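Asks: Provide a 3D model corresponding to the input given below.
(one chain, ligands or ions: 1)
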Amino acid sequence: MAFVERVFSGVQPTGNLHLGNYLGAIVNFVKLQETHNCLYCVVDMHALTQPVSVWGGPAELARNTREVTAAFIASGIDAKKHIVFNQSQVSGHAELAWIFNCVARVGWLNRMTQFKEKAGKDRENASVGLYDYPVLMAADILLYRATHVPVGEDQKQHLELSRDIAQKFNNDFGDSIRSHGFNEGLFFPQPEPLITGPATRVMSLRDGTKKMSKSDSSDNSRINLTDDADIIAQKIRKAKTDPEPLPSEEKGLEARPEADNLVGIFAALSGRTKSDVLVEFGGGQFSNFKNSLVELCVAKLSPIAAEMKRLVADPGYVDSILIEGANRARDIAAETMKSTKDIVGFVRKH
Ligand code: AQP
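Replies: Numbers count the residues shown, from 1 in each chain. Predicted structure coming up:
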């Protein structure tokens, strides 16, 4: 069956939106607007899966929700043509997640590496929500029967789980799906991850083997979208490197994670390949390269930071974008939920 092509992706409002979120996800969100109908969601329900000390409490959650929305708009997402909203305004996410909780298997969730990393040693004390995060993520995507999901490399395993859930739902309820007019027995599509571009996994500036992350305790490990030019310059100048000059060819970056990361960031921000960047900087010292990287970063990120600042100063306007987006998202979600309830056998008002 041919599903209508639709893009869905989400970003958590947990503060410190960084260059990894931007290059790994948001840049691709912007590009996909040209070819697809897109829904971009601030996944505030996912934020709650972490301890309150991580997401900061109610006032901080609301502030961060508006900030992520501002980052979407400032980066070039068109909220009139596409749909921008926050997850908690559309109750279908929670409703479908419950049904999927009964489709997904405990063994599948036990294999999720992000839970293991985020729960750490104190697994008994992690929230049930953190364990269930990938099921809610499957519901986020499939509530809109989305076919394509642009994400960074770290979300690949969760996307595979979404595909497994879609397939098992289609199998478990195959006869009912057919009897409700879906002749090929397929109700949910298997969403395709779109993990593209030269920066699908941006690494920490302090340790090239660790992902750049909102939750890293060192602010110097990441470039935040709201950092000003001086802070960006400071962080890049302090970024860890090794004593060798930059190689002239891409294969020379192997086993040099910090050099590889910085060259990858340069390539992604300038729309060039790593090889091309090395043609210009190979053989030279890091200091020159870092000066050019500072200039590039500031040129690309400053206009976004300025626009974000302008937008967050007008929370009424940002909220109106989210409310209007949620109204439109709810219409699509309602159709999916009606059919899903009929397929499962839940009695409802027709
Ligand atoms: N370092 C990264 N490189 C490339 N892409 C990344 N993403 C996150 N980090 C990188 C992508 O950004 C999107 C939104 O991420 P999220 O808000 O859902 O949270 P996350 O994946 O848990 O990212 P963080 O920022 O690293 O948060 P913490 O510290 O909580 O783990 C996703 O598409 C993600 O792949």
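Asks: every contact and neighbour count from this point should use C-alpha atoms.
Replies: Fine.
Asks: can stretch 8-27 be found next to the ligand?
Replies: Yes. Judged by CA under 6 Å from any ligand atom, stretch 8-27 comes into contact with the ligand through V11, Q12, G20, N21, G24, A25.
Asks: give me the buried subset of those.
Replies: Among the residues of stretch 8-27 next to the ligand, those classed as buried by 16 or more other CA atoms under 10 Å are V11, Q12, G20, N21, G24, A25.
Asks: my read: the second one touches V42, true?
Replies: Translated: Q12. Yes. Under the criterion of CA atoms under 8 Å, Q12 makes contact with V42 at 5.8 Å.
Asks: up against the ligand, what does the stretch 51-200 of the chain have?
Replies: For the stretch 51-200 of the chain, the contact set with the ligand under CA under 6 Å from any ligand atom comprises V151, G152, E153, D154, Q155, T200.
Asks: and the buried ones among the residues you listed, selectable in ChimeraX?
Replies: One line in ChimeraX is enough to select the buried ones among those; burial here means 16+ other CA under 10 Å:
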select :151,152,153,200
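Asks: adding secondary structure, write the residues of the stretch 51-200 of the chain next to the ligand out as CSV.
Replies: Shown next, in CSV, are these (DSSP: H, G, I helix; E, B strand; the rest coil):
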residue, secondary structure
V151, coil
G152, coil
E153, helix
D154, helix
Q155, helix
T200, coil
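Asks: dump the residues of the stretch 51-200 of the chain next to the ligand to TSV, plus pLDDT and distance to S320.
Replies: Listed next are these as TSV, based on pLDDT from 0 to 100; distance: CA to CA, whole Å:
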residue	pLDDT	distance to S320
V151	94	26
G152	91	28
E153	91	32
D154	92	32
Q155	95	30
T200	91	32
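Asks: show me what contacts R6?
Replies: Going by CA atoms under 8 Å, 6 or more residues apart in numbering, R6 touches H36, N37, C38, L39, Y144, R145, A146, T147, H148.
Asks: now it: closest residue in space that isn't a chain neighbour?
Replies: Nearest non-adjacent residue to R6, counting by CA to CA, 6 or more residues apart in numbering: A146, 4.7 Å away.
Asks: ok, so of the contacts of R6, who is nearest D331?
Replies: Of all the contacts of R6, D331 sits closest to Y144, with 9.7 Å by CA to CA.
Asks: got a list of what that closest one touches?
Replies: R6, F8, I332, A333, T336.
Asks: same deal with N224?
Replies: Counted by CA under 8 Å, 6+ apart, N224 has contacts N16, L17, H18, L19.
Asks: just the helices in the stretch 1-150 of the chain please.
Replies: Secondary structure of the stretch 1-150 of the chain by DSSP state H, counting those that start in this stretch: the helices cover 19-21, 27-32, 44-47, 52-55, 58-75, 92-101, 106-110, 113-119, 128-142.
Asks: would you turn the ones you listed into JSON lines with mean pLDDT?
Replies: Listed next are the helices of the stretch 1-150 of the chain as JSON lines, based on pLDDT from 0 to 100:
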{"stretch": "helix 19-21", "mean pLDDT": "96"}
{"stretch": "helix 27-32", "mean pLDDT": "95"}
{"stretch": "helix 44-47", "mean pLDDT": "98"}
{"stretch": "helix 52-55", "mean pLDDT": "93"}
{"stretch": "helix 58-75", "mean pLDDT": "98"}
{"stretch": "helix 92-101", "mean pLDDT": "98"}
{"stretch": "helix 106-110", "mean pLDDT": "98"}
{"stretch": "helix 113-119", "mean pLDDT": "95"}
{"stretch": "helix 128-142", "mean pLDDT": "98"}
